[in-house]
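Engineer: Here is the input, now give the coordinates:
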Amino acid sequence: MSSPFSKRKLLALLADHGQLLRQILRHQHLLRGSFHQVYTRCGKSNCWCAKAGQGHAHTRLSWSEEGTMVTRKVAAKQRKTVLKFTDNYRQFSEQRRQLRALESQLQDRLDQYEKALINQTRTPLGFRVRPSPLSMKTQAPLQTRPPRRN
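Structural biologist: Below you'll find the predicted structure:
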């Protein structure tokens, strides 16, 4: 792979990285957890829920904190806000996964770019090494230093 192509690809990945990072940094409020509706019976013998199949509807937010499940009831006036903040958290998490994948691609491309530049620099100097199984026997051995003696 040529180094100009690698450089263009690196710059494109870097632009994608910056754009994704800006999207991540736009998030202002995050709530981690599962937002769901549950049904409970109140326990009053004369309430309709005592005879019905389902009880009173409640919305809750559940999350794990330090290995412990935590559940909190969400008031009716907070439902839209909590739903929005939990959606923000899901988007944030997905964007972080995308960022990690992009950083991995950046590292791979950077490794390729480094190899291309090294080969490009070695070739005019005559330092390029192309070992082949047949020519290994005919080539002069590489010069090595003897081990140090103390």
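Engineer: for the helix or strand harbouring Glu94, the distance to its chain's centre please.
Structural biologist: Here Glu94, judged by DSSP states H and E, is contained in helix 79-125. Averaging C-alpha positions (CA atoms, centre = their mean, to the nearest Å) puts helix 79-125 8 Å from its chain's average.
Engineer: what is the mean pLDDT for that helix?
Structural biologist: Helix 79-125 shows a mean pLDDT of 90.
Engineer: Give the other helices and strands that it contacts.
Structural biologist: helix 3-25, strand 34-40, strand 56-65 (3 or more CB pairs under 8 Å, 6 or more residues apart in numbering; DSSP states H and E). Where you see a C-beta, it was placed from the backbone N, CA and C, and this is true even at glycine.
Engineer: please redo it, this time with the cut-off set to 6 Å
Structural biologist: helix 3-25, strand 34-40 (3 or more CB pairs under 6 Å, 6 or more residues apart in numbering; DSSP states H and E).
Engineer: ok, now which ones touch the residue located most distally from the centre of the chain?
Structural biologist: Seen from the C-alpha centroid of the chain, the residue lying at the greatest distance (CA atoms, centre = their mean) is Asn46, 53.0 Å away. Taking CB atoms under 6 Å, 6 or more residues apart in numbering as the definition of contact, Asn46 has no neighbours.
Engineer: Just want the angle from the helix holding Glu94 to helix 3-25.
Structural biologist: 160 degrees (axes from the mean of the first three to the mean of the last three CA atoms, to 10 degrees).
Engineer: Helix 79-125 vs strand 34-40, what angle?
Structural biologist: Going by the same axes, to 10 degrees, helix 79-125 makes 150 degrees with strand 34-40.
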